[in-house]
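Enquirer: quick one, what's the 3D model for this:
(one chain, ligands or ions: 2)
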Amino acid sequence: MRTAYRTETVRAAEAALMAELPEGALMRRAAAGLAAACAGLLPRVYGSRVVVLAGSGDNGGDALYAGARLARRGAGVTALLLGSPGEDGRPKAHRAALAALRAAGGADRPASAVAGDPAAALAGADLVLDGVTGIGGRGGLRPEAAALARAARASGAALVAVDLPSGVDADTGTVDGEAVRADVTVTFGAYKPGLLIDPARAYAGALRLVDIGLTPPAGEVAAEALQHADVAALLPHPAAESDKYRRGVVGVVAGSARYPGAAVLCVSGALRGGAGAVRYAGPAGEAVLARHPETLVHPGGPAEAGRVQSWVIGPGLGDTPGVEAVLASDVPVLVDADGLRLLDPAAVRARPAPTLLTPHAGEAAALLGRPREDVEAGRLSAARELAAAYGATVLLKGSTTVVASPDPKDPVRVNPTGTPWLATAGTGDVLSGLAGSLLAAGLAPRDAASVAAYLHGLAARRASHGAPVAAYDVAEALSGAWRDVTED
Ligand SMILES: NC(=O)C1=CN([C@@H]2O[C@H](COP(=O)(O)OP(=O)(O)OC[C@H]3O[C@@H](n4cnc5c(N)ncnc54)[C@H](OP(=O)(O)O)[C@@H]3O)[C@@H](O)[C@H]2O)[C@@H](O)CC1
Ligand SMILES: [K+]
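Expert: Ligands and ions are numbered 1, 2, ... in the order given. Down below sits the predicted model:
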């Protein structure tokens with residue numbers, strides 16, 4: 001499991017550790033890890049050109065110390081100092097780290113000296129270290145830093161963010177203005193939620209975690225991302241004596257005369273999620289049976305369809321979703337797509353069994369009464385708010401799929417396996433069927449949602465291989481994704 005902690009938690013853990021260590025030890029550990037990561041990105045350190053963008057705080061200090069280490073190994077290092085002016089009129093900088101850089105033969109100049117032509121200041125650089133701000137940064141980059149960040153991006157040099165890409169919000173993943181677009185982010189002690197959640201995640205590039213001995217309390221995880229072993233441990237495994245009913249039956253209420261394909265896709269996901277059987281209730285039974293003859297089809301409504309261990313309702317239902325009957329049941333219910341329209345929070349909160357909502361950003365925005373852009377810019381808080389308002393688990397689909405449970409103490413789960421190719425018609429129907437099936441197999445809503453998102457993303461990557469992918473291909477690749485996870 002990759003775990004991420006909020007800034008205040010990291011700072012508290014840092015203070016506790018610093019109290020036990022000699023002054024500057026933590027920063028030296030951070031800088032050593034950072035310099036090693038940089039050296040790994042350069043064909044060779046000796047003779048390479050490195051530019052350090054250094055703010056006035058400890059983030060700049062890390063970058064300057066790492067610059068000093070690279071300079072000692074023969075790199076030509078220049079620091080551009082971005083701190084606001086001190087009493088002597090020069091930009092403030094971490095004093096000891098700047099002295100170390102100078103002692104190692106590195107050069108430095110105020111960034112204002114290159115403001116006229118930032119591109120020229122970065123021309124020929126092999127590597128740029130972004131040490132403008134870390135967890136102490138507030139808001140987007142200031143204009144001088146923004147111009148240098150753009151020039152660094154355009155220079156073709158490897159751009160390494162120190163702890164965080166400067167300009168992104170560590171705790172929420174929001175990006176309020178301009179931010180550094182890094183190739184690699186070397187983060188210290190612990191991941192921060194912003195490194196796992198879009199839009200900030202997209203600015204971080206590849207992530208490297210440097211162990212500096214920090215141990216934030218396990219109870220204070222703010223966000224977490226499953227990995228193969230976590231998913232394998234959560235997946236249902238049929239016992240020798242299992243029959244189809246013991247493995248769980250998932251009911252699917254999806255599709256309409258107009259959208260029969262949604263029913264087929266939802267069932268195709270449900271068949272691959274570990275439930276023992278899939279019951280379909282609705283008008284698209286013929287289309288479902290044509291593709292999936294193993295489905296138990298009932299032409300009427302869910303109330304008469306027979307016993308199930310979970311319901312999935314919503315994909316392709318059109319204008320008359322009829323969610324009430326399903327919500328009245330005493331089994332876990334997943335509500336998606338058309339089922340989410342006009343969903344009554346009181347009715348969901350009053351349910352005796354758990355509910356899982358799976359909106360995309362547009363549907364979440366409609367439920368929250370907010371513009372879609374707000375949801376996309378603040379995915380973590382939108383998912384949490386919805387979960388609180390409905391007393392339900394929420395899987396918010398999109399560039400980073402986020403799962404929030406109604407208990408605010410549960411860390412949000414962030415899905416690491418997504419691919420932009422998943423943004424195509426029908427993939428959401430497959431996902432809801434899959435997650436519903438995992439619910440029927442006995443997984444808790446938060447686990448069912450995050451495991452489904454993980455397998456679905458992995459299946460899309462397998463099916464896509466970098467090319468466009470159709471929803472049915474994703475469904476067909478699910479068994480392979482399951483095997484990848486369990487055989488790893
Ligand atoms: N925690 C740990 O365990 C460890 C932490 N460590 C490191 O410490 C880092 C945190 O250091 P920190 O607290 O000194 O803050 P930091 O991020 O350098 O920024 C502060 C300065 O930035 C500026 N500034 C602010 N906003 C800005 C903007 N939008 N655009 C431009 N500039 C802006 C503002 O300065 P001003 O320009 O106003 O003088 C402010 O004072 C952390 O990320 C990690 O790298 C490691 O060394 C070891 C272990
Ligand atoms: K940074």
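
Enquirer: tell me the domain ranges of the protein?
Expert: As assigned by automatic domain parsing, the chain contains the domains 2-224, 228-487.

Enquirer: what confidence value was assigned to the closest residue to Ala146 other than its chain neighbours?
Expert: Nearest residue to Ala146 in three dimensions, chain neighbours excluded: Glu178, at 4.1 Å (C-beta to C-beta, 6 or more residues apart in numbering). Using the backbone N, CA and C atoms, a C-beta is placed for each residue, glycine as well. Note for Glu178: predicted pLDDT of 97.

Enquirer: hey, where'd the strands end up in the stretch 51-200 of the chain?
Expert: Secondary structure of the stretch 51-200 of the chain by DSSP state E, counting those that start in this stretch: the strands cover 76-81, 107-110, 127-131, 158-162, 184-188.

Enquirer: same deal with the stretch 301-450 of the chain?
Expert: Under DSSP E, counting those that start in this stretch, the stretch 301-450 of the chain gives strands at 310-313, 333-335, 355-357, 393-396, 402-404, 412-414.

Enquirer: who does the first one touch, helix- and strand-wise?
Expert: Pointing back at strand 310-313 there. strand 249-253, helix 323-327, strand 333-335, helix 427-440 (3 or more C-beta pairs under 8 Å, 6 or more residues apart in numbering; DSSP states H and E).

Enquirer: quick one, which of these is nearest to ligand 1?
Expert: Comparing the helices and strands packed on strand 310-313 by their distance to ligand 1 (C-beta to the nearest ligand atom), the top pick is helix 427-440, with 35.5 Å.

Enquirer: which secondary structure elements does that closest one contact?
Expert: In this structure, helix 427-440 packs against strand 249-253, helix 260-270, strand 310-313, strand 333-335, helix 445-464, helix 471-476, with contacts taken as 3+ C-beta pairs under 8 Å, 6+ apart.

Enquirer: out of those, nearest to ligand 1?
Expert: That would be, of the helices and strands packed on helix 427-440 and by C-beta to the nearest ligand atom, helix 445-464, which comes in at 27.9 Å.

Enquirer: from the chain's centre, how far out does that closest one sit?
Expert: 13 Å (C-alpha atoms, centre = their mean, to the nearest Å).

Enquirer: average pLDDT for that helix?
Expert: Rounded mean pLDDT across helix 445-464 is 97.

Enquirer: name the SS class of Gly33, please.
Expert: Here Gly33 is recorded as helix under DSSP: H, G, I helix; E, B strand; the rest coil.

Enquirer: ok, it - contacts?
Expert: Contacts for Gly33 were tallied using C-beta atoms under 8 Å, 6 or more residues apart in numbering; they are Val186, Phe188, Arg208, Val210, Asp211, Ile212.

Enquirer: among the residues you listed, which pair sits farthest apart?
Expert: Taking C-beta to C-beta, the two most distant members of these are Arg208 and Ile212; they sit 12.6 Å apart.

Enquirer: neighbour count winner among those two?
Expert: Legend: neighbour count by other C-beta atoms under 10 Å for Arg208 and Ile212, higher for Ile212 (20 against 16).

Enquirer: which non-adjacent residue is nearest that one?
Expert: That would be Arg29: by C-beta to C-beta, 6+ apart, it lies 4.3 Å from Ile212.

Enquirer: next: Ala470.
Expert: Thr424 (6.9 Å).

Enquirer: quick one: contacts for that neighbour?
Expert: Thr424 neighbours (C-beta under 8 Å, 6+ apart): Pro468, Val469, Ala470, Ala471.
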